[in-house]
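Student: return a 3D structure for these sequence lines:
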Amino acid sequence: MMHSNRAQRAARTRKRLSLIAGVLVAGFAPGVVSLAMQGGAQSQDVAVSAPSSSKLKLDTGEEIYRAACVACHGPDGKGQPQRLAGFEPPPTFPDFTDCPTSTTEPDLQWRAIITHGGPVRAFSQIMPSFKDALTPEQIGKVIGHLRTLCTEKGWPRGNFNLPRPLVTEKAYPESEWVVSGAFNASGAPGGASEVVYERRFGASGMVELIVPYEYAHASGRTRSSFGDVALGYKHKVFDSLDQGSIFSLGGELIFPTGNRAFGTGGDSTVFEAYAAYGQLLPRESFFQMQTGVELPARPGRKAREYFWRAAIGKSVASQGGLGRRWSPMAELLAARELTGGARTHWDVVPQVQIPINKRMHIFANVGVRIPLNHTAGRSQQFLFYVLWDYGDGTLKDGWQK
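Tutor: Sure, this is the predicted structure:
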């Protein structure tokens, strides 16, 4: 009986939202739109105030929001009280004033949900489609207004949460689990896998823990053990939507937890310092770069090294750019030991990031690392990762609705 009543409330809510959309399409005739909640103890009237002219002016995002969104999301963006909204909010119902959750998604995610409704990203069907009620320009204005509801400064927009390359560190601080691997495609057997946990702190900070497991081949035998565990921190220093740029500084402390006898690390404690940069480009393209140094505590066992990494790519999507997004990329990698007579090794990594589920909070990326010079003793490698953005739902969420 409880499930039946809940289904009836949801059906009435969808009907009410459809009526709102219908009023939007009709141009907001003057008067009050009365949306009676049938079968309830009380009814609710949603007032749409009209100006003296025959149509309500919808020139700003705030005006459109108040006309189309307030009934469910409330005047302040925190959500209408249940007694007024007429339905029980799902766990994923947003609070647009909560900066940690409202700033992490790019505008395109919000545009897709407003245009096609919640089910397009496997969210609740309580969120209707407004594609027949609002123009793309009006939807853009609503998103612009929603972005103002986070009033804390310093939170970088989710537009900077660019696709994650296989090797290059992103500038955007994030909360993710990542399982990655790199295995020799030629030459001697060998490779490594990693489990990476990232946790964002505040507007700009992020900590990460990296636990590797490595495979090494020597003397006709392949051995494996845990590699050198790393603890890192990244801090966003600058971001500007006008310039389309984000810049961060970070560092890692790598502990010698590997096995020297097996060739899986254990040589020295290493401090790594780096800078990371992201740039939005036209036509859904992007550029990312990371540069830094590795400074071992025992340089006699492990050489100091400078590295430079860059990725360029483009995201493509179905449904007029609002569907699932695939991101082909290419990385160019350079590394040089800081010793006399050392040579710079160059590699290229073509790859593609693929959305695994409908919500697009689980991704995979596959690619090949190809040495470009000094190829002796340097094998081609098959690289991959699986990424879970756990802030957007559990591993069970986001597959179908």
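Student: got the contact list for the residue nearest to the spatial centre of the chain?
Tutor: Nearest residue to the geometric centre of the chain (CA atoms, centre = their mean): residue 161, 5.1 Å. Counting by CB atoms under 8 Å, 6 or more residues apart in numbering, residue 161 touches 104-106, 170, 172, 174. Where you see a C-beta, it was placed from the backbone N, CA and C, and this is true even at glycine.
Student: what's residue 207 sitting at in phi/psi?
Tutor: Main-chain torsions, residue 207, degrees, to the nearest 10: phi -110, psi 150.
Student: which pLDDT value belongs to it?
Tutor: Looking at residue 207, its pLDDT reads 98.
Student: related to what we said a few turns ago, now, the most widely separated pair of the contacts of residue 161?
Tutor: Pairwise distances across these (CB to CB) peak at 15.4 Å, for the pair 105 and 170.
Student: need phi/psi at residue 173.
Tutor: phi -80, psi 140.
Student: wait, a strand at residue 349?
Tutor: Yes: judged by DSSP: H, G, I helix; E, B strand; the rest coil, residue 349 forms part of a strand.
Student: buried subset of the contacts of residue 161, written for ChimeraX?
Tutor: A single ChimeraX command suffices to select whichever of the contacts of residue 161 are buried according to 16 or more other CB atoms under 10 Å:
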select :104,105,106,170,172,174
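Student: the contacts of residue 161 in helices, which ones?
Tutor: Judged by DSSP state H, helices contain none of these.
Student: redo the contacts of residue 161 as a markdown table? Include distance to residue 144.
Tutor: Shown next, in a markdown table, are the contacts of residue 161 (distance: CB to CB, whole Å):
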| residue | distance to residue 144 |
| --- | --- |
| 104 | 17 |
| 105 | 14 |
| 106 | 14 |
| 170 | 25 |
| 172 | 21 |
| 174 | 24 |
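Student: just give me the closest of the contacts of residue 161 to residue 152.
Tutor: Of all the contacts of residue 161, residue 152 sits closest to residue 104, with 13.4 Å by CB to CB.
Student: contacting residues for the closest one?
Tutor: 158, 161, 174, 391-392.
Student: need these in CSV (columns: secondary structure and distance to residue 289).
Tutor: CSV is the format used below for these (DSSP: H, G, I helix; E, B strand; the rest coil; distance: CB to CB, whole Å):
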residue, secondary structure, distance to residue 289
158, helix, 20
161, coil, 16
174, coil, 17
391, helix, 25
392, helix, 26
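Student: and of these, the nearest to residue 255?
Tutor: Proximity of the contacts of residue 104 to residue 255 (CB to CB) peaks at residue 174, which lies at 23.2 Å.
Student: which residues does the closest one contact?
Tutor: The contact partners of residue 174, taken as CB under 8 Å, 6+ apart, are 104, 161, 198, 200, 206, 389.
Student: quick one: the helices in the stretch 151-300 of the chain?
Tutor: Using DSSP state H, counting those that start in this stretch, the stretch 151-300 of the chain contains no helices.
Student: can you give me the strands in it?
Tutor: Applying DSSP state E, counting those that start in this stretch to the stretch 151-300 of the chain gives strands spanning 176-184, 191-201, 205-218, 221-226, 230-240, 245-254, 270-281, 285-296.
Student: thank you kindly, that will do.
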